[in-house]
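Trainee: mind looking at a prediction? Sequence and model below.
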Amino acid sequence: MPRGRRDPGPALQRQVQRSSLREQVAGALREEMMAGRLAAGTHFTVKEIAELYGVSATPVREALLDLAAQDLLWSEHNRGFTVPQLTWDDYLDVVEARTLVTDGMFRRLGKGIRSVDWSRMPSLQRRAEAAARAAVSGQLDVLVGCDRRFWGELAGLMGNRKLADYLDWLRVQYWIFAAPHLRGRDDVAVFCWSDHLALTERLLARDRQGVHRILMGYNQQSLEQMAELCGESLDDDPVAGFLRSFHPPAGPDDQAPAGTVADGVPLPRQALGPSRSVGQLPVR
């Protein structure tokens, strides 16, 4: 140990270990709910989850309270926790919030798209490839994780951690609602958005309007797909009306640097590496 440093001792080491277990348990339960494997209405206690994962009760209790604070579980005093039942109105709220936040982010961004951290693009491309492949193959369990990581990477490019965290919370809510309607179907791919690579290409081309248009189209398609699955009408829905009437913000796009293009001209394939079909993309 370096001079002048005090040994943290076993107490701090236990605290770090407990914190890690707390995050692992919360993450595992969150993924179960997002994939639709932990059904709405499921009730459990701290003891049951501790026994399931083979860990002590303290980090489990902390993990469950964390999820309850995020509205991902309902907590009943001295009675345990319950997976919430999200309604169609809850889903509409998620889509509306996501639409308004993403629309506002890109309208404010304007020519600030030049300030995007382009060094992170290779990682974003890998996320896009994995998510697109999972979507077109209808692999729901794989898609949920890949999709969340892709959108988290994309939001991180904008440099606002608060907005990125909020969008991630909305995405968790989205999948908790959507996955149960998709699980067990043999046509999952029909109801899964798969334009992750197209969005990445438009971003690489510095095509701000193109990126904005794809994002808003994604929200519209997601809403229409879930309405079909749930037997809901969008005729008088204000969110659907806003998305249908959407137009990208006026103004020229950023000047594309050498090797990229703008104004809707197809991006050269060498900018993204060797040409591959989605079916050949590796899952990473």
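Mentor: Noted; the coordinates are in hand. These numbers were taken from a predicted model, which means no experiment stands behind them. Numbering: from 1, shown residues only.
Trainee: what's the local residue count around the residue lying closest to residue 92 once chain neighbours are set aside?
Mentor: If the residues on either side of it in the chain are set aside, residue 92 comes closest to residue 239, at 6.0 Å by C-beta to C-beta, 6 or more residues apart in numbering. In short, each C-beta sits where N, CA and C put it, glycine included. Using other C-beta atoms under 10 Å, residue 239 has 20 neighbouring residues.
Trainee: do you know how far residue 239 is from residue 213?
Mentor: 17 Å (C-beta to C-beta, to the nearest Å).
Trainee: which residues touch the residue nearest to residue 92?
Mentor: 92, 95-96, 99, 223 (C-beta atoms under 8 Å, 6 or more residues apart in numbering).
Trainee: so which of those belong to strands?
Mentor: Members of those lying in strands (criterion: DSSP state E): none.
Trainee: farthest-separated two in those?
Mentor: Using C-beta to C-beta, the two most remote members of the contacts of residue 239 are 92 and 99, lying 10.4 Å apart.
Trainee: measure stretch 41-57 end to end?
Mentor: Taking C-alpha to C-alpha, to the nearest Å, stretch 41-57 runs 22 Å from one end to the other.
Trainee: before we move on, the earlier item: tell me which element the residue nearest to residue 92 falls in.
Mentor: Here residue 239 sits within helix 238-244, counting by DSSP states H and E.
Trainee: pull out the buried residues from that helix.
Mentor: In terms of neighbour count (16 or more other C-beta atoms under 10 Å), helix 238-244 has its buried residues at 239-240, 242-243.
Trainee: give me the contacts around stretch 88-98.
Mentor: The contact list for stretch 88-98 (C-beta under 8 Å, 6+ apart) reads 167, 170-171, 173-174, 177-178, 219, 222-223, 226, 230, 232, 237-239.
Trainee: correct me if wrong, but residue 232 is in a helix.
Mentor: No - counting by DSSP: H, G, I helix; E, B strand; the rest coil, residue 232 is not found in a helix; it is coil.
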